[in-house]
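K.L.:
My questions are about this predicted structure, shown below with the sequence.
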Amino acid sequence: MRRLHGTLPILFLLLAIYQVLGQDCGPSSEKRCVPHHKCQVGVQFRAFTNGNNGCAAPESCCQNIHILNDVLDINVEETVNPECGRPNIRGVSFEVPNMDGFAQEFEFPWMVALLDTIGNYLGGGAIISPEVVITAKHVLDNLTEDQLIVRAGDWDLKTNSEQFPHVDARIRSIVRHPGFDKRNGANNVALLFLQTPLKFTQHIKPICLPPDNRNFDYSRCIFSGWGKKSFNDYSYMDVLKKVELPIVTNNVCEYQLRRFFGNTFQLDNSLLCAGGELGKGSCMGDGGSPLACPLRENPQRYELAGIVNFGVQCGMQDVPVVFTNVEKFRNWIIDETSKNFNGDEPEPETEPENTPH
């Protein structure tokens with residue numbers, strides 16, 4: 001996806017006017033695109049998924065008589081000492097009923113998009129502290145710090161009309177795991193240290209790190225990402241995907257993947273698997289994106305079980321996706337964060353050729 005960065009002052013003026021007045025939508029001029037919370041009629045999932053009547057995802061095509069002109073804009077307030085792993089299950093400024101396959105607005109506040117400097121989407125990652133984002137090493141390739149941007153607090157990458165603005169953060173330092181093996185995806189993890197710490201708000205918060213020896217076998221967890229919806233799609237998603245996936249034991253996963261990688265294939269100890277349900281899973285462009293599992297001590301909060309590593313096509317029956325097992329790297333994360341310390345450390349939670357995704 002290509003994003004436009006840097007434009008003429010007149011365009012900013014036109015955008016400001018557009019945001020105040022809204023554009024016409026639907027078959028007549030009696031409707032306008034307005035933020036969802038300013039329309040008296042609730043958001044309809046069918047309209048949302050069928051082009052949203054020409055409006056951006058954070059907006060509704062609302063009849064003029066139903067527009068709530070006296071409703072104030074929503075303010076972004078900094079959150080002091082936020083709990084890690086707390087999702088916005090009903091969105092922040094609005095909720096869309098029955099959002100099958102899509103996340104609610106800012107549902108996963110730890111989710112980030114990795115972009116190049118002209119705005120092209122590269123992959124995903126997760127916030128683990130104000131200064132640290134975790135992702136997959138293969139997503140970064142040979143890129144340097146000044147060639148990458150971390151975008152936090154976004155939901156629809158196609159528009160800037162969300163009530164809560166995203167934050168584009170520059171990178172101070174990249175730490176790649178030295179044991180990465182591209183042949184089998186082992187140790188596929190990297191840390192991005194930001195130049196300026198993120199301010200935590202309702203739509204930008206960290207996810208918890210799992211404790212030592214956490215076993216996620218047989219859990220049902222949540223994957224989120226902006227990669228392709230299906231293998232044959234030509235482009236990445238604009239609105240964030242949300243897919244519930246079962247954790248698959250390593251023995252079962254290894255056996256199922258041998259159909260594609262041969263009988264000698266062995267799943268490295270640094271990996272875990274999830275998925276294997278038809279039509280569900282990560283896809284190309286999802287590399288580095290988080291797999292979040294409910295905390296056993298508090299299922300309303302989530303910890304980072306994995307980050308997308310590789311897979312076979314997308315959403316195939318009995319073919320799990322392979323994730324980097326974050327628990328295996330907990331000590332490495334803490335050690336590297338200490339070496340690169342410039343503010344806050346991540347909060348530990350105490351309660352054959354493959355296809356890179």
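P.N.:
Arrived safely, thanks for sending.

K.L.:
so where do the helices sit in the stretch 151-300 of the chain?
P.N.:
250-261 (DSSP state H, counting those that start in this stretch).

K.L.:
Strands along that one, start to end?
P.N.:
167-176, 190-194, 220-225, 241-248, 271-275, 290-294 (DSSP state E, counting those that start in this stretch).

K.L.:
Now stretch 205-214: buried residues?
P.N.:
Using 16 or more other CB atoms under 10 Å as the test for burial, stretch 205-214 gives 205-210, 214. From N, CA and C alone the C-beta is placed, and that goes for glycine too.

K.L.:
just stretch 233-245 next, same as before
P.N.:
236-237, 239-243, 245.

K.L.:
residues contacting residue 198?
P.N.:
127, 130-131, 152, 167, 169, 204 (CB atoms under 8 Å, 6 or more residues apart in numbering).

K.L.:
Swap in 7 Å and give it another go.
P.N.:
By CB atoms under 7 Å, 6 or more residues apart in numbering, the residues touching residue 198 are 127, 130, 152, 167, 169, 204.

K.L.:
What pLDDT does the model give it?
P.N.:
Looking at residue 198, its pLDDT reads 95.

K.L.:
what does the one 5 residues further on give?
P.N.:
Residue 203 carries a pLDDT value of 94.

K.L.:
Is the closest residue in space to residue 62 that isn't next to it in sequence bridged to anything, and to what?
P.N.:
Closest residue to residue 62 apart from its sequence neighbours, by CB to CB, 6 or more residues apart in numbering: residue 39 at 3.6 Å. Following DSSP bridges, residue 39 is listed with bridge partners residue 67.

K.L.:
how about low-confidence regions in the chain?
P.N.:
In the prediction, the chain carries residues with pLDDT under 70 at positions 1-29, 36-37, 40-52, 54, 56-58, 60, 65, 69-81, 342-355.

K.L.:
could you redo the last one with a cut-off of 90?
P.N.:
1-83, 91-100, 141-142, 158-164, 230-234, 296-297, 340-357 (pLDDT under 90).

K.L.:
Would you format the buried residues of stretch 205-214 as JSON lines with distance to residue 33 included?
P.N.:
Shown next, in JSON lines, are the buried residues of stretch 205-214 (distance: CB to CB, whole Å):
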{"residue": "205", "distance to residue 33": "29"}
{"residue": "206", "distance to residue 33": "33"}
{"residue": "207", "distance to residue 33": "32"}
{"residue": "208", "distance to residue 33": "37"}
{"residue": "209", "distance to residue 33": "40"}
{"residue": "210", "distance to residue 33": "42"}
{"residue": "214", "distance to residue 33": "45"}
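
K.L.:
For residue 115, see how far away the closest residue to residue 328 other than its chain neighbours is.
P.N.:
In this structure, residue 328 finds its nearest non-sequential neighbour in residue 270, 5.0 Å apart by CB to CB, 6+ apart. Separation of residue 270 from residue 115 (CB to CB, to the nearest Å): 27 Å.

K.L.:
Give the bridge partners for the residue nearest the centre of the chain, please.
P.N.:
Nearest to the mean C-alpha position of the chain, by CA atoms, centre = their mean, lies residue 111 at 3.6 Å. On the basis of DSSP bridges, residue 111 is bridged to residue 126.

K.L.:
Kind regards, and thank you for your time.
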